[in-house]
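Participant: just the structure for this:
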Amino acid sequence: MRPIGFSTGALARADFKLALHLLEGKPVDSIELSALRSQELPALLNAIAGLPLTPYRYVAIHAPSQFLENDENEIAELLRKFVPPNWPIVLHPDTIFDFAAWRPFGAQLAIENMDRRKSIGRTAEELSIIFAKLPEARFCFDIGHARQFDTTMTEAYRILKSFANRMCQVHVSEVNSSSQHDPLSYASKLAFMQVAGLISEGIPLIVESRVSEDQIIGEISKLREAFPSARNSNGAA
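Facilitator: Numbering: from 1, shown residues only. Here you go, the predicted structure:
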């Protein structure tokens, strides 16, 4: 069965402790600790040692999605100091001012593909430019971003054919026309199924859908339908 988890930001924005509480007893084994706003990062990093993370076999952290150029080195240094080396650090490529600040992270860094609002990181060609500058970096595939950019899923296919070997996790949600992360619809499930076979079953699926506590189980069920395991798709019990 595919590893499944949630972004804490999807469940409770900056309140990562509440998000972890909401996931207690739920059928998840992966987690992404989110600090999408730079002012949230210090509190999250200082709390890491005391967080109840033993239920999770995969833990990642999402770096701030926007910050000033003058803050880049400080943010990189905080992440380097506090984030365990086996945790992937997800980074939006449009936040990078100086690639030299991020190159030392090597394979710990996971570059995410972007939605149509952004000017870089949306296509296989644009991602190739980023990875040429960060040759050891891994890849966080946001399938909702890819579908929003190209609803035919052609670009998603091209991205996966180019970078599946770098992938360490997948962000899953329905990204609407305003670039907000909504729960999965029937249409998004069908779209994701078109390329699900290109994603290794060992890659964690991280839900970014904005859901309430009583929607968590339902969203996990929809996720499993959109990304069937080979065992299930073959009709095995």
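
Participant: C-alpha from now on. contacts and neighbour counts both.
Facilitator: Fine.

Participant: any idea how far the closest residue to Leu198 other than its chain neighbours lies from Thr95?
Facilitator: Closest residue to Leu198 apart from its sequence neighbours, by CA to CA, 6 or more residues apart in numbering: Leu160 at 6.7 Å. To Thr95, Leu160 is 22 Å away according to CA to CA, to the nearest Å.

Participant: so these two - more neighbours on which side?
Facilitator: Leu160 (21 against 15; other CA atoms under 10 Å).

Participant: ends of stretch 14-33, how far apart?
Facilitator: Per CA to CA, stretch 14-33 runs 9 Å from first to last residue.

Participant: which outside residues touch that stretch?
Facilitator: With CA atoms under 8 Å, 6 or more residues apart in numbering as the test, stretch 14-33 has contacts from 3-9, 11-12, 34-35, 40, 44, 51-52, 55-62, 204-206, 213, 217.

Participant: please state the offset of that stretch from the chain centre?
Facilitator: 15 Å (CA atoms, centre = their mean, to the nearest Å).

Participant: show me the shaky parts of this protein.
Facilitator: 231-237 (pLDDT under 70).

Participant: and the strands in the chain?
Facilitator: 4-7, 30-34, 58-62, 89-91, 109-112, 138-142, 167-172, 174-175, 181-182, 205-207 (DSSP state E).

Participant: tell me which of those strands lies nearest to Ala100.
Facilitator: The closest of those to Ala100 is strand 109-112. By CA to CA, the value is 12.7 Å.

Participant: pull up the pairing partners for the closest one, direction included.
Facilitator: When sheet partners are counted by DSSP bridges, strand 109-112 sits next to strand 89-91 (parallel), strand 138-142 (parallel).

Participant: just the CA coordinates of that strand, formatted as PDB?
Facilitator: C-alpha atoms of strand 109-112 as PDB (Å, rounded to 0.1, in the frame of the first residue of the first chain):
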ATOM      1  CA  LEU A 109      16.600  19.600  -0.900                       C
ATOM      2  CA  ALA A 110      13.400  18.700  -2.800                       C
ATOM      3  CA  ILE A 111      12.400  21.200  -5.600                       C
ATOM      4  CA  GLU A 112       8.700  21.400  -6.200                       C
END
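
Participant: how about residues contacting it?
Facilitator: Contacts of strand 109-112 (CA under 8 Å, 6+ apart): 88-93, 102, 121, 137-142, 168.

Participant: farthest-apart pair in the residues you listed, please.
Facilitator: Top of the distance list for these (CA to CA): Trp102 and Asp142, 20.4 Å.
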